[in-house]
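Engineer: Coordinates for the following, if possible.
(one chain, ligands or ions: 1)
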Amino acid sequence: MNEATREVQRSLAQQFHGDLLCPDDALYEAARSIWNGMVARRPGLIARCADVTDVQATVRACAGAEVLPAVRCGGHSLAGFSTCEGGVVIDLSKMREITVDRAARLARFAGGSLLRTVDVATQKEGLAFPAGVVSHTGASGLVLGGGFGWLTRLYGLSCDNVEGFTLVTADGSLVSANPRQNEDLFWALRGGGGNFGVVTEFEVSLHPVSSVQVGEGLCIGDDISELLRRWRDYMPESPDNLRWSLSLRVAPDAKNIPVKYRGRPAVTQAAVWIGDPEKGRLCLDHILSLCNPVGVTRRTMSFVELQTMADEEFPHGRRYYTKSGYFKSLSDHVLDVMVESLATVPSPTTQIELAYLGGAASRVAATQTAFGDRSSPYVLNLLGSWSEKSEDAANVCWVRNLFQSLRPSMTPGVYINFMSGDEDDRVREAYHERWERLIAIKSRYDPHNLFRLNQNIPPRNTELGASQVRGN
Ligand SMILES: Cc1cc2nc3c(=O)[nH]c(=O)nc-3n(C[C@H](O)[C@H](O)[C@H](O)COP(=O)(O)OP(=O)(O)OC[C@H]3O[C@@H](n4cnc5c(N)ncnc54)[C@H](O)[C@@H]3O)c2cc1C
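Structural biologist: Numbering: from 1, shown residues only. Next up, the predicted model:
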């Protein structure tokens, strides 16, 4: 631990309610790891905050000692921003309180909550918050970047469903941002990521959701290309109740996949219907009759079950690398490039994920929130995933090469939560015409860029900011 970080620890020691973990503490090794095993940094101090006053004290201490803070909710930053080398991690994992008001269809959850925290509590009241599809993901990072999942087409992005934020800003103040207070900040926090402070509480609106219908299957050989084309053509006309996503990958070693298909290039599909059961049955019957799928399963399940369905596919500690982009339309050529790339994919767990947004998310005006472009409905996420460090170069290279060949067909813009840590040059692209307004708000609330371990929006006096905070 360097002297500046020691100073932070000393100043917190007398007043801290949570845990202060240093490199020689028994709990430190487990506490320093984040979801992406590619990012193995050693912070000087992990401040596991128990309450809002701990967060305020840590922010003030970091600013005072000029030490870089990394903010962590669920630790799922693909880019690895929720840890740092030598600095301080503001770890919110002890702060997972949630209250649900059934009548008002509102919830308030604390800044360390996981999606699972929110899903379990809201489902007890028959309600749901539109968020991501893996329950061990942190709610804060996801919501602040935008957030989409199974309910997005029906009820909008996660950030579209936020009624208000409470946050600790760079000077340690506790600030509210909602449609009546600090409206600019409220606008910026809905898509602008962790740039503006540490959010300690979210107030969100909820929707009635009980059971859902789910269909899964997989296509092989020539049916892969045909299914991609059918999906591309079907989604723009489909009802908002349907979310149908595809993944190009090597067929997994799973119970429902016939042995002869395992290990072969494939496209897996997951279709979820939320709403009228009879219409859902007909819709899923249609989708799952296209292109000779194998290993087809059809289930009605609880929303909590749906939200945990993919949990084991994306385990903590594996090595991950990602590149992402939007398409307004998908040409046959683009789809063929994706299919052909499977012949050289270096890892059986890597996936080319395709989702179609549209629906309620696309009906919110681009100016209403800081979240990027909503007019390009096809979202691509190249998620490289492998186990061995010795395989890093081959896997990163494969993702980069495929991205480069698809890039000319993409619409400018990128979802900040699907970016890797080496894409600083794309942050401005993510925000388009919202960039200058975001810089103005950042300059007001974080003029020295204390919160810069994120897809960073620099304040106007960037050079001052960068030199005032140590670390990487
Ligand atoms: C397995 C997996 C599944 C995913 N699925 C989806 C999905 O379905 N939909 C989707 O939209 N995205 C998805 N994502 C991307 C996800 O939105 C981002 O990885 C997000 O950053 C995760 O949030 P977190 O709180 O776990 O991140 P963390 O790593 O804890 O934090 C990431 C960053 O968010 C900011 N941050 C976190 N908490 C706070 C806070 N309280 N106040 C201020 N800033 C904060 C900080 O800048 C921090 O660096 C997924 C990611 C993974 C790894």
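
Engineer: tell me the secondary structure for Val337?
Structural biologist: Following DSSP: H, G, I helix; E, B strand; the rest coil, Val337 is assigned to helix.

Engineer: My read is that it contacts Pro408, right?
Structural biologist: No. Here Val337 does not reach Pro408: they are 10.5 Å apart, not a contact under Cβ atoms under 8 Å. The way it works is simple: take the backbone N, C-alpha and C, and place the C-beta from them, glycine included.

Engineer: dump the residue contacts of the residue in the stretch 151-300 of the chain that the ligand sits nearest to.
Structural biologist: For the stretch 151-300 of the chain and the ligand, the shortest gap (Cβ to the nearest ligand atom) falls at Gly194, measuring 2.2 Å. By Cβ atoms under 8 Å, 6 or more residues apart in numbering, Gly194 lies in contact with Val71, Phe81, Ser140, Gly141, Leu144, Phe451, Leu453, Asn454.

Engineer: near the ligand, which residues of this protein show up?
Structural biologist: Counting by Cβ under 6 Å from any ligand atom, the chain comes close to the ligand at 35, 71-78, 81-82, 92, 111, 132-134, 137-138, 140-142, 144-145, 147-149, 193-194, 198-199, 314, 417, 453-454.

Engineer: Narrow these to those in helices?
Structural biologist: Taking DSSP state H, the ones among those that sit in helices are Ser140, Gly141, Leu142, Leu144, Gly145.

Engineer: Identify the residues contacting the third one.
Structural biologist: With contacts defined as Cβ under 8 Å, 6+ apart, the neighbours of Leu142 are Gly74, His76, Leu115, Ala131, Gly132, Ser158, Asn417.

Engineer: ditto for the first one
Structural biologist: The neighbours of Ser140, taking Cβ under 8 Å, 6+ apart as the test, are Cys73, Gly74, Leu92, Gly111, Gly112, Ser113, Gly194, Val199, Phe202.

Engineer: Out of the contacts of Gly194, grab the one that's most surrounded.
Structural biologist: Leu144 (33 neighbours; other Cβ atoms under 10 Å).

Engineer: and Gly275, how many neighbours?
Structural biologist: Using other Cβ under 10 Å, Gly275 has 16 neighbouring residues.

Engineer: Can you tell me the element it falls in?
Structural biologist: Of the helices and strands defined by DSSP states H and E, none includes Gly275.

Engineer: Chain neighbours aside, what residue packs nearest to it?
Structural biologist: The shortest distance from Gly275 to any non-neighbouring residue, by Cβ to Cβ, 6 or more residues apart in numbering, is to Asn241 (3.9 Å).

Engineer: Pretty sure that neighbour sits against Trp273.
Structural biologist: Yes. With contact defined as Cβ under 8 Å, Asn241 reaches Trp273; the gap is 5.6 Å.

Engineer: Please identify which of those two sits among more neighbours.
Structural biologist: Trp273 (24 against 18).

Engineer: mind putting the contacts of Leu142 in CSV, pLDDT and neighbour count included?
Structural biologist: Listed next are these as CSV, based on pLDDT from 0 to 100; neighbours: other Cβ atoms under 10 Å:
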residue, pLDDT, neighbour count
Gly74, 98, 26
His76, 98, 23
Leu115, 98, 27
Ala131, 98, 25
Gly132, 98, 24
Ser158, 98, 30
Asn417, 97, 26
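
Engineer: In TSV: those, plus distance to Met1.
Structural biologist: What follows is these, written out as TSV (distance: Cβ to Cβ, whole Å):
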residue	distance to Met1
Gly74	25
His76	26
Leu115	33
Ala131	36
Gly132	34
Ser158	36
Asn417	31
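
Engineer: so what's Gln468 scoring on pLDDT?
Structural biologist: At Gln468, the pLDDT value in this model is 44.

Engineer: same deal with the one 3 residues further on?
Structural biologist: According to the prediction, Gly471 has pLDDT 44.

Engineer: Give me the neighbour count for His136.
Structural biologist: 18.

Engineer: first to last residue in stretch 25-45, what's the distance?
Structural biologist: One end of stretch 25-45 sits 10 Å from the other (Cα to Cα, to the nearest Å).

Engineer: So what touches that stretch?
Structural biologist: Defining contact as Cβ under 8 Å, 6+ apart, one finds that stretch 25-45 is touched by 1-2, 5-6, 8-9, 19-23, 46, 48, 67, 70, 72, 74-78, 80, 82-89, 91, 136, 316-321, 392, 421.

Engineer: So how do I select the buried members of the residues you listed in ChimeraX?
Structural biologist: In ChimeraX syntax, the buried subset of these is picked out as below (16 or more other Cβ atoms under 10 Å):
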select :1,5,8,9,19,20,21,46,48,67,70,72,74,75,76,77,78,80,82,83,84,86,87,88,89,91,136,319,320,321,421
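
Engineer: For Tyr326, give me its contacts.
Structural biologist: Asp373, Ser376, Pro377, Tyr378, Val379, Leu380, Met410, Thr411, Gly413, Val414, Tyr415.

Engineer: name the element it belongs to?
Structural biologist: In the assignment (DSSP H and E), Tyr326 maps to strand 319-327.

Engineer: gap between the two ends of stretch 61-79?
Structural biologist: End-to-end span of stretch 61-79 (Cα to Cα): 26 Å.

Engineer: And it, how far out from the chain middle?
Structural biologist: 17 Å (Cα atoms, centre = their mean, to the nearest Å).

Engineer: do stretch 233-241 as well
Structural biologist: Offset of stretch 233-241 from its chain centre (Cα atoms, centre = their mean): 24 Å.

Engineer: residues of that stretch that come out buried?
Structural biologist: Applying 16+ other Cβ under 10 Å to stretch 233-241 flags Tyr234, Met235, Ser238, Asp240, Asn241 as buried.
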